[in-house]
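Trainee: any chance you could fold what I've pasted below:
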Amino acid sequence: MKKKVFFVFLFLNLINFCAAQDKRPYAVYIDSANTIKYKNGEKVNSYIQKAKNVVPEKDLGDFYLKTIQIYIDINHFDEALEYCTKAHEVFTEKKDLEKLAKVNSFFAFIYAQLNDPQRAIKYYKIALGFYEKKNDKAGMIKGLNNLGNAYFALSKYDSSQYYFQKSQVIFKDYEAPALKAFVMSNLGKLFFSKKEYSQSEKYLLEAKNILEQNKINDPEANYNANYNLAKFYINRNDPLKALSYAEKTGDFIQKNTVDFSNIRYLDNLYNAYLLNDDYKNAAITFKKYDSIRDMMNIEEKAVNVERIKAQHEYELKQKLDTLKQEKRNLVYIVILVVFLLIVVICILYTINYRNKTEALNLEKKLIEAREKELEFDNHMKEKLLVYQSMEQQKVDSIFKSILEKVNALKTKYQHAEEISEIINEIKISVKPNTWEDFEYHFLQIHESFYKNLEQKHPNLTNYDKRLAAMLKLRLSTKEISNLLNVTPKTIENSRTRLRKKLDLTNTKEDLSKYLDDF
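Mentor: Numbers count the residues shown, from 1 in each chain. This next block holds a predicted model:
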């Protein structure tokens, strides 16, 4: 049995030895620093220095990220900020956007803790942009929540509410109870500052319920929910609830650690004891609070932080100047290329426009030529129609004159039958209705004339229409009188009546021009 135990022990040691061999040397020091980070700050610095001496060049960025996290955990923001600057340089050079986003998040968090919300917002927005492109919903929620807190610190409550509520939308298709509790608790804190107390309490209690129902043991989420509830009930003068939540806050921190979380917890607890008239515990709590505040050397660290911030801003400014110059050069090149493209496009457009203009002019000339040709053709047809009508009228007059003379001869001569045959032949040759031929040919030229005229002036007689047709053809009074076989005076009277029917009596408009529109 003892041999079996010995072999098991030997086997486990062998596994641990292999694991230690496989682990990178610098990571061992980082693990050691993590183990004692809340107990011995000097030793933490010693382990980190040892890790820095053995870390290979390719792992330098990851080493910086782990070191930043350790210093943030123990609230050594001056050291954390210094390593952030170094990590930013490494990952910018490597163009590792994911890790650069993480560094920007660290920057933002540090500046938020150092009461510099303007700088925090700048870095939170950069990180959020990365998570949105990647569609990393957890990262987006954290980024939006952090932006809400940053604007809250600036007392810009509308902007703060906008970002908190924007993160709420993501929870519709994404399950993350711990993150949701964070957002609900922060909304409660926001509505309290806006003096909407019922809404504030609703959100704060909802955050606590989410954590309890989902059995979330995340210390940070539970600390945030209980801390905000304690602060709410302290300000609302509810002693029992204030003390209950202030004490619960302590269950989610490492007591006696030198950090801001412990200071905020002790501050709440002190005020809760005062509210309950427990001055003894209030005095003990304040003593702890004061002791931790002294140990943090806040003023000394603030000076160091300002120095590192100034250095970081200077380095960033140099990089920005370089980038601006490169961007300026690129802009000049782009402007030149765009200018050349515009010139080429203008030339092509001018050529195309000229070709189109010439084509349109040619088409216009063709249309005008066709219109003139059609107009000339109609004019010739009108002339021919008038000529034919006049000639036909003359022929009819001659035939009628002959017919009258032959009828006169019929009574004088004995061969009446032969004369009757001649009369019949003359009657056959004379067209019974010359006017129908005229109208037929007229409508071939102006097919819608009668229709349009009748539509506007429905009270016209057939005689009026015929007169209007002849006036449209610009026939003179004499020509019309010959065609209609009436006197010129009759035609003048007819013209006057027609003007009256066309409502032109008191106007100076020419009758023939008026009829041109039909």
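Trainee: so where's the stretch 251-400 of the chain uncertain?
Mentor: The model of the stretch 251-400 of the chain has pLDDT under 70 over residues 256, 295-320, 369, 371-400.
Trainee: so where do the helices sit in it?
Mentor: 260-275, 279-295, 298-410 (DSSP state H, counting those that start in this stretch).
Trainee: next one: the stretch 1-150 of the chain
Mentor: Along the stretch 1-150 of the chain, the stretches classed as helices by DSSP H, counting those that start in this stretch are 2-22, 25-36, 41-54, 60-73, 77-94, 97-113, 117-134, 137-153.
Trainee: by mean pLDDT, flag the weakest helix or strand of the protein.
Mentor: Counting by mean pLDDT, DSSP states H and E, the chain has its least confident helix or strand at helix 2-22, which shows a mean of 45.
Trainee: re earlier: figure out which of the helices of the stretch 1-150 of the chain is closest to residue 325.
Mentor: Among the helices of the stretch 1-150 of the chain, the nearest to residue 325 by CB to CB is helix 77-94 (16.7 Å). The way it works is simple: take the backbone N, C-alpha and C, and place the C-beta from them, glycine included.
Trainee: ok now the closest one, how far from the chain's centre?
Mentor: 36 Å (CA atoms, centre = their mean, to the nearest Å).
Trainee: in it, what counts as buried?
Mentor: Neighbour counts over helix 77-94 (16 or more other CB atoms under 10 Å) mark 77-91 as buried.
Trainee: before we move on, what about stretch 282-289?
Mentor: For stretch 282-289, by 16+ other CB under 10 Å, it's 282, 285, 286, 288, 289.
Trainee: contacting residues around that stretch?
Mentor: Stretch 282-289 is contacted by residues 263, 266, 267, 269, 270, 273, 274 when judged by CB atoms under 8 Å, 6 or more residues apart in numbering.
Trainee: about what we covered before: farthest-separated two in the buried residues of helix 77-94?
Mentor: The distance between the two most remote of the buried residues of helix 77-94 (CB to CB) is 21.0 Å, for 78 and 91.
Trainee: residue 128 versus residue 92, what's the distance?
Mentor: Distance, residue 92 to residue 128, using CB to CB, to the nearest Å: 18 Å.
Trainee: which phi and psi does the nearest residue to residue 74 once chain neighbours are set aside have?
Mentor: Counting by CB to CB, 6 or more residues apart in numbering, residue 74 lies nearest to residue 37, which is 5.2 Å off, once chain neighbours are set aside. Here is the backbone geometry of residue 37 (degrees, to the nearest 10): phi -60, psi -30.
Trainee: from now on call the first residue 55
Mentor: Fine by me, first position is 55 from now on; the one you just mentioned is residue 91.
Trainee: residue 91 reaches residue 124, doesn't it?
Mentor: Yes. Counting by CB atoms under 8 Å, residue 91 touches residue 124, with 5.5 Å between them.
Trainee: anything in contact with each of the two?
Mentor: Residues touching both residue 91 and residue 124 by CB under 8 Å, 6+ apart: residue 98.
Trainee: leaving out the residues flanking it, which one is nearest to residue 97?
Mentor: What sits nearest to residue 97 in space, not counting adjacent residues and going by CB to CB, 6+ apart, is residue 90, at 5.6 Å.
Trainee: about what we covered before: how about the buried residues of stretch 336-343 in a markdown table, adding distance to residue 173?
Mentor: Formatted as a markdown table, the buried residues of stretch 336-343 follow (distance: CB to CB, whole Å):
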| residue | distance to residue 173 |
| --- | --- |
| 336 | 36 |
| 339 | 33 |
| 340 | 32 |
| 342 | 31 |
| 343 | 28 |
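Trainee: show me which of these is closest to residue 178.
Mentor: Distances from residue 178 to the buried residues of stretch 336-343, taken by CB to CB, are shortest for residue 343, at 29.5 Å.
Trainee: for residue 414, grab the count of nearby residues.
Mentor: Residue 414 has 10 neighbouring residues, counting by other CB atoms under 10 Å.
Trainee: swap in residue 260?
Mentor: Residues near residue 260, counting by other CB under 10 Å, number 17.
Trainee: what's the average pLDDT for whichever strand or helix holds it?
Mentor: Assigned by DSSP states H and E, residue 260 belongs to helix 251-267. Averaging pLDDT along helix 251-267 gives 93.
Trainee: chain center to it, what's the gap?
Mentor: Relative to its chain's centre, helix 251-267 lies at 36 Å (CA atoms, centre = their mean).
Trainee: show me the contacts for the residue nearest to residue 97.
Mentor: Here residue 90 is in contact with 97, 98, 101 (CB under 8 Å, 6+ apart).
Trainee: and the residue lying closest to the last one once chain neighbours are set aside, how far is that from residue 164?
Mentor: Counting by CB to CB, 6+ apart, the nearest residue to residue 101 once its immediate chain neighbours are dropped is residue 87, at 3.9 Å. Look at residue 87 and residue 164: by CB to CB, they are 18 Å apart.
Trainee: residue 113 now?
Mentor: Per CB to CB, residue 113 is found 23 Å from residue 164.
Trainee: these two: who's more crowded?
Mentor: Using other CB under 10 Å, the more surrounded residue of residue 113 and residue 164 is residue 164, with 25 against 15.
Trainee: these two touch, right, the more buried one and residue 133?
Mentor: No. Taking CB under 8 Å as the definition, residue 164 is not a contact partner of residue 133, at 10.3 Å.
Trainee: where does the stretch 455-572 of the chain dip in pLDDT?
Mentor: 455, 457-492, 494-495.
Trainee: try 80 this time
Mentor: Filtered on pLDDT under 80, the stretch 455-572 of the chain yields the residue ranges 455-504, 520, 523-524, 526-529, 533-534, 536-539, 559-560, 562, 566, 570-572.
Trainee: in it, which spans are helices?
Mentor: Using DSSP H, counting those that start in this stretch, the helices of the stretch 455-572 of the chain run over 470-483, 488-499, 503-510, 516-526, 531-538, 542-555, 565-570.
Trainee: who are the packing partners of the last one?
Mentor: Secondary-structure packing of helix 565-570 (3 or more CB pairs under 8 Å, 6 or more residues apart in numbering; DSSP states H and E): helix 516-526, helix 542-555.
Trainee: number of residues surrounding the closest residue to residue 247 other than its chain neighbours?
Mentor: Once flanking residues are discounted, residue 247 sits nearest to residue 211: 6.3 Å by CB to CB, 6+ apart. By other CB under 10 Å, the residues close to residue 211 number 15.
Trainee: do residue 182 as well
Mentor: Residues near residue 182, counting by other CB under 10 Å, number 22.
Trainee: got a list of what it touches?
Mentor: Going by CB under 8 Å, 6+ apart, residue 182 touches 193, 194, 197, 198, 201.
Trainee: most neighbours among those, which one?
Mentor: residue 197 leads these on contacts (other CB under 10 Å) with 27 neighbours.
Trainee: was I right to think that residue contacts residue 185?
Mentor: Yes. With contact defined as CB under 8 Å, residue 197 reaches residue 185; the gap is 5.6 Å.
Trainee: look up phi and psi at residue 149.
Mentor: Main-chain dihedrals, residue 149, degrees, to the nearest 10: phi 60, psi 40.
Trainee: could you measure from it over to residue 216?
Mentor: Taken as CB to CB, the span from residue 149 to residue 216 is 32 Å.
Trainee: quick one: residues contacting residue 134.
Mentor: Applying CB under 8 Å, 6+ apart to residue 134 gives the contacts 122, 125, 126, 160, 164.
Trainee: ok, now how distant is the closest residue to it other than its chain neighbours from residue 210?
Mentor: Leaving aside its sequence neighbours, residue 134 sits nearest to residue 125 (CB to CB, 6+ apart; 3.8 Å). From residue 125 across to residue 210, the span is 29 Å (CB to CB).
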